[in-house]
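1. The sequence and its predicted three-dimensional model are supplied below.
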Amino acid sequence: MLNDGSTQSEARYDAVLVGAGIMSATLAALLHELDPQLKLLLVERLEAPALESSAAVNNAGTGHAANCELNYTPRQADGSVATAKALAINAAFERSLEFWSSLSEQGRLEPSAFLHQAAHISAVWTAENIAFLRQRHSQLQHLPAFSAMRWSEDRAELKEWMPLVMEGRDPTQAVAATRIERGTDVDFGALTRAYLLLLQRSGALTVQYGTQVRDLQRLRRSDMTEGDWRVVLDGPSGRREVQAPFVFLGAGGGALPLLQRSGIPEAADFAGFPVSGLWLVCNNPDLAQRHHAKVYGKAAVGAPPMSVPHLDTRWIDGQRSLLFGPYAGFSSKFLKQGSLLDLPASVRPTNLLPMLQVGVTNVELVRYLINQLRQSPQERHRALLDFMPTAKPEDWSLSVAGQRVQIIKRSKEGGRLQLGTEVVASADGSLAALLGASPGASTAVTIMLEVLQRCFKSQLDHPAWQQRLRELLPSIEGDPQRDPEVLRRMRERSDAVLGLTA
């Protein structure tokens, strides 16, 4: 290795994955299962895996299955709610459970290390929001994916469901809630580490921490056709370069600058809008033991998806915790451990106008973020009191959550703030990046299957890959959104292997 700043040409891999979070780890796990001979390199600029958005304490929502997240079923002009997004997210989470079940059956994952059951509850207490929740329940209960959803306005039952939410509440205040017992909490930091340990033990994956990507360049073959990607890395042992026919940028908020650096034409359509977050973390273990659910409320007008308020049971590094929030804020960083120059450095002639258009057309979001930034500790506590009337300030402390970068996409109609996640891939499938935020981690398997379909299509069509994919995901040729029998089989298997109960 060279330590004098010069570049050393050292190795060729089948794939280079950037960012040691849940996305890169999931893609690495899928690639290894489909072809154990692949030689994979994962690089991470921090000193350990899953320290940014994949860390449990940084993640605004875990175990997303659209059971309780009201922003996935927006109200329509006719008073009904849209259900397509909720169904898609629910099916994607079932796919994640199916993948984890296959690895657990083989004795290669221990589900109790990252997966715990916790009821998913939606709770509201204004006339308008109760009417919305009633409409949501009336539509979802007829869909197989949500048929187990229960409705209640009975205060005694609600006290059993969510005692901390009901204690001390005005007895004249109307409260309604829905509940799905088969909800989960997922520590995606723990899952990421489990994936990487499994892959490193197999010898298929090399992981380099403290290593940053300095340059991405497409090489030309002797016949002037495009060949491998040349990736220049700065690490503990100096600067070196590696080559690979495929590169995946799964570095969370850090993916956009790297995508822009790659120079692929598809990158020109995108910009990013960073949103930071804060949590109130409960310091009283007795309170944490009394709350065993994820209780989601209704987001304020203009709030980004990561800011839907919830009182949340979490397992963080094996310890049961209780969190409330998140509170939104603004920082020009694209990563929690990023640079204040991240946002200005991402501005290009191709994305400046879309960014300005989004600012003009999303006044409510701008106003919401300004109000959040101005909040005092007392105002944050009042928001907690709305969920937990008996909350005492001394039982809670403020913690900085992860940084999210919402997608701004250029379109014929102008710049558009795009919620959720998006895979951006080069036309030839040699490079892919994941942009966006929620529901992200919970749907990682489905998202990475999209990466495989767009970037490894010829391999996926091969009978050997097809067979391995069916072994990993027995329902892969079915559609749990449209076929209740496929959904039933998926759930029965996952419940049996992972220990979930309805």
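-> Thanks, I have it.

2. max-length helix in this protein?
-> In the chain, taking DSSP state H as the definition, the longest helix is helix 84-105.

3. what are the pairing partners of the next helix or strand after it, and which direction each?
-> Downstream of helix 84-105, the first helix or strand assigned by DSSP states H and E is strand 115-117. Strand pairing for strand 115-117, using DSSP bridges, gives strand 184-186 (antiparallel).

4. by how many degrees do the next helix or strand after the partner strand and helix 84-105 diverge?
-> On the C-terminal side of strand 184-186, the closest following helix or strand by DSSP H and E is helix 188-202. Taking axes from the mean of the first three to the mean of the last three C-alpha atoms, to 10 degrees, one finds helix 188-202 and helix 84-105 inclined to each other by 40 degrees.

5. and whichever helix or strand comes after helix 188-202, what other elements does it pack with?
-> The first helix or strand that comes after helix 188-202 along the chain, using DSSP H and E, is strand 205-208. Identification of packing neighbours for strand 205-208 by 3 or more C-beta pairs under 8 Å, 6 or more residues apart in numbering; DSSP states H and E yields strand 40-43, helix 188-202. Just so you know, the C-beta spots here come from the backbone N, C-alpha and C atoms, and that holds for glycine as well.

6. What's the separation between the spatially most central residue of the chain and residue 401?
-> The structure's the chain has its C-alpha centroid closest to residue 440; by C-alpha atoms, centre = their mean the separation is 2.4 Å. Remark: distance between residue 440 and residue 401 (C-beta to C-beta, to the nearest Å) = 14 Å.

7. Could you point out which residue ranges in the chain have low pLDDT?
-> Within the chain, the stretches with pLDDT under 70 are 1-10, 60-61, 222-225, 301-307.

8. Select the longest strand from it.
-> When the chain is parsed with DSSP state E, its longest strand is strand 270-282.

9. A strand includes residue 215, no?
-> Yes: judged by DSSP: H, G, I helix; E, B strand; the rest coil, residue 215 forms part of a strand.

10. picking up where we left off before, thought the residue nearest to the centre of the chain was touching residue 419?
-> No: counting by C-beta atoms under 8 Å, residue 440 stays clear of residue 419, with 11.2 Å between them.

11. Next, give phi and psi for the closest residue to residue 21 other than its chain neighbours.
-> Closest residue in space to residue 21, ignoring its immediate chain neighbours: residue 54 at 4.0 Å, by C-beta to C-beta, 6 or more residues apart in numbering. Here is the backbone geometry of residue 54 (degrees, to the nearest 10): phi -80, psi -20.

12. Test my guess that residue 54 contacts residue 26.
-> No: applying C-beta under 8 Å as the test, residue 54 and residue 26 come out as separate, 10.2 Å apart.

13. more neighbours, these two?
-> Neighbour count, other C-beta atoms under 10 Å: between residue 54 and residue 26, residue 54 has more, with 29 against 26.

14. the helices in the stretch 201-350 of the chain, which residues?
-> 255-262, 285-290, 342-346 (DSSP state H, counting those that start in this stretch).

15. which secondary structure elements does the last one contact?
-> Meaning helix 342-346. helix 255-262, strand 270-282.

16. Remind me what the following helix or strand past that helix packs against, helices and strands.
-> Toward the C-terminus, helix 342-346 is succeeded by helix 352-361 as the next helix or strand (DSSP H and E). With contacts defined as 3+ C-beta pairs under 8 Å, 6+ apart, the packing partners of helix 352-361 are strand 270-282, strand 404-411, strand 414-418.

17. Okay, buried residues for helix 352-361 please.
-> 354-355, 357-358 (16 or more other C-beta atoms under 10 Å).

18. Using PDB, write down the CA coordinates of the strand or helix carrying residue 422.
-> Using DSSP H and E, residue 422 falls within strand 421-425. Output of strand 421-425 as PDB, limited to C-alpha atoms (Å, rounded to 0.1, in the frame of the first residue of the first chain):
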ATOM      1  CA  THR A 421     -37.200   6.200  -2.300                       C
ATOM      2  CA  GLU A 422     -36.000   5.900  -5.900                       C
ATOM      3  CA  VAL A 423     -33.500   3.700  -7.700                       C
ATOM      4  CA  VAL A 424     -31.500   5.700 -10.200                       C
ATOM      5  CA  ALA A 425     -29.600   3.500 -12.700                       C
END
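
19. quick check: angle from it to helix 255-262?
-> 10 degrees.

20. Please renumber the chain so that the first residue is 870 from this point on.
-> OK, 870 is where the count begins now, so the last one is strand 1290-1294.

21. counting contacts, what elements does strand 1290-1294 pack onto?
-> Strand 1290-1294 packs on strand 1300-1305, helix 1313-1324, going by 3+ C-beta pairs under 8 Å, 6+ apart.

22. what residues are up against residue 891?
-> Applying C-beta atoms under 8 Å, 6 or more residues apart in numbering, we find residue 891 in contact with 919, 923, 1057, 1060-1061, 1309-1310, 1313.

23. any chance of those residues in TSV, with distance to residue 1292 too?
-> Output for these, formatted as TSV (distance: C-beta to C-beta, whole Å):
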residue	distance to residue 1292
919	21
923	18
1057	18
1060	20
1061	19
1309	12
1310	15
1313	12
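
24. picking up where we left off before, looking at the helices and strands packed on helix 1211-1215, which is nearest to residue 1050?
-> Each of the helices and strands packed on helix 1211-1215 has some distance to residue 1050 by C-beta to C-beta; the shortest is strand 1139-1151, at 23.1 Å.

25. Going by neighbour count, which residues of the closest one are buried?
-> The neighbour-count check on strand 1139-1151 (16+ other C-beta under 10 Å) flags 1139-1151 as buried.

26. Tabulate those (JSON lines), appending distance to residue 1249.
-> Below are those laid out as JSON lines (distance: C-beta to C-beta, whole Å):
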{"residue": "1139", "distance to residue 1249": "33"}
{"residue": "1140", "distance to residue 1249": "30"}
{"residue": "1141", "distance to residue 1249": "26"}
{"residue": "1142", "distance to residue 1249": "23"}
{"residue": "1143", "distance to residue 1249": "20"}
{"residue": "1144", "distance to residue 1249": "17"}
{"residue": "1145", "distance to residue 1249": "14"}
{"residue": "1146", "distance to residue 1249": "12"}
{"residue": "1147", "distance to residue 1249": "8"}
{"residue": "1148", "distance to residue 1249": "10"}
{"residue": "1149", "distance to residue 1249": "7"}
{"residue": "1150", "distance to residue 1249": "12"}
{"residue": "1151", "distance to residue 1249": "14"}
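
27. The stretch 870-1019 of the chain: helices as residue ranges?
-> 891-903, 953-974, 996-1009.

28. Which positions within the second one qualify as buried?
-> Yep, that's helix 953-974 we're talking about. Neighbour-count burial for helix 953-974, counted by 16+ other C-beta under 10 Å, picks out 954-973.

29. coming back round to it: please name whichever of the helices of the stretch 870-1019 of the chain is nearest to residue 987.
-> helix 953-974 (13.9 Å).

30. Which elements pack onto that closest one?
-> helix 1313-1324, helix 1332-1341, helix 1353-1367.

31. Please state the offset of that helix from the chain centre?
-> Relative to its chain's centre, helix 953-974 lies at 13 Å (C-alpha atoms, centre = their mean, to the nearest Å).

32. how big is the angle separating it from helix 891-903?
-> If you take the same axes, to 10 degrees, helix 953-974 sits at 50 degrees to helix 891-903.
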